[in-house]
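J.: Build me a model from this:
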Amino acid sequence: MTRYTDEPIGRYSRRGDTPGNQVDEVTNPGIFSRTMSLPSDGERRQLDEIAFDLREEFEQRGYRVGVALGADPAFGSGDARSALERDLVREVLGRSSSRVGMGYRAVHGRGRELVGEHHRYRVRRARLDAAGSPIITVSAESSLGVEEEPSLFPSESWVFGWIMGSDGLIADLFVAPVLGIEPGSPGRLILGHALPLGSGSPFDGGFTPSDEDLDLGEDDEDTGDAAEGLGA
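T.: Coordinates of the predicted model:
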């Protein structure tokens, strides 16, 4: 498992020297102290294949989101579009992960994550800020902000981020380690260096202004839904 010194996106920085060194301390509150590792080459190929399938399916079926929204004027809200796009993403990821032999499971109610050998990738919508950095909003109670107890076989918390383009297609796909949460209303994940998936490099989609406050309806995917008895 390749170890590396990660440089978080934005104004946060971690202590370390050059790639290959371990990181065991972070200078800012809210950022986890942990040693990160890169996915293996085999796992990167699996993720690339999943990304390819997701792009292809949206090219073939993404138009149906617009068809569904046009069925009734009441469906014109951003919430309805986001929900339909999210459902399509989940359906494709379920089939694609099974095809490539990667784990895929439900977490905390409506959340989903891909499971690798040493990494778990929470599936989350993202957008780009004016500086071209990905933003993923979360609530203060997000389970992504909980650092796991040390174990013999630790599993690192990463995100599988997807960014929609204005044309209704997938603009960018990436994975990135979760370093912590920047407090706020809503909060934001502090992400390490993003690894592009599929063709292109982050981030080709350009600035994506938010017309729905970045889909805050996804927050309950990460908080643990006690009503469903699924735990935190």
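
J.: So which residues of the protein form strands?
T.: 3-4, 36-37, 103-107, 111-115, 119-125, 127-128, 134-135, 137-138, 156-164, 170-182, 187-191, 195-196 (DSSP state E).

J.: Relative to G70, which of these is closest?
T.: Each of the strands of the chain was checked against G70 via CB to CB, and the shortest separation belongs to strand 156-164, namely 17.9 Å. Glycine gets a C-beta too; all of them are placed from N, C-alpha and C.

J.: residues making contact with the closest one?
T.: Residues from elsewhere that reach strand 156-164, judged by CB atoms under 8 Å, 6 or more residues apart in numbering: 34, 36-37, 47, 54, 85, 89, 113-114, 118-128, 134, 136, 144, 148, 170-178, 189, 191, 194, 203, 205, 208.

J.: hey, C-alpha coordinates of it in CSV?
T.: Once side chains and other backbone atoms are set aside, the C-alpha atoms of strand 156-164 remain, and they are given as CSV (Å, rounded to 0.1, in the frame of the first residue of the first chain):
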residue,chain,number,x,y,z
GLU,A,156,-9.6,5.0,5.1
SER,A,157,-12.5,7.4,4.5
TRP,A,158,-12.6,8.9,1.0
VAL,A,159,-15.3,10.3,-1.3
PHE,A,160,-16.3,9.3,-4.8
GLY,A,161,-17.3,12.7,-6.1
TRP,A,162,-19.5,13.4,-9.1
ILE,A,163,-20.1,16.8,-10.7
MET,A,164,-23.0,17.5,-13.1
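
J.: From the contacts of strand 156-164, keep the buried residues only.
T.: Among the contacts of strand 156-164, those classed as buried by 16 or more other CB atoms under 10 Å are 34, 36-37, 47, 54, 85, 89, 113-114, 119-128, 134, 136, 144, 170-178, 189, 191, 194, 203, 205, 208.

J.: Any stretches of this protein with poor pLDDT?
T.: Under the criterion of pLDDT under 70, the regions of the chain flagged as low confidence span 1-35, 140-153, 200-232.

J.: buried residues in the lengthiest helix in it?
T.: When secondary structure is assigned using DSSP state H, the longest helix within the chain turns out to be helix 78-100. Residues of helix 78-100 classed as buried by neighbour count (16+ other CB under 10 Å): 81-86, 88-89, 92-93, 96-97, 100.

J.: Could you list everything L173 pairs with in the sheet?
T.: Each beta-bridge partner of L173 is listed here, defined by DSSP bridges: W162.

J.: Would you point out the most distant pair within the buried residues of helix 78-100?
T.: Put simply, by CB to CB the two of these set farthest apart are R81 and V100, 28.3 Å from each other.

J.: Now S185, what are its backbone angles?
T.: phi -130, psi 90 (degrees, to the nearest 10).

J.: How much space separates it from T137?
T.: With distances taken as CB to CB, to the nearest Å, S185 is found 10 Å from T137.

J.: These two: which is more packed in?
T.: Ranked by neighbour count (other CB atoms under 10 Å), S185 and T137 place T137 first, with 24 against 7.

J.: now that one, which residues is it bridged with?
T.: Beta-bridge pairing of T137 under DSSP bridges involves R188.
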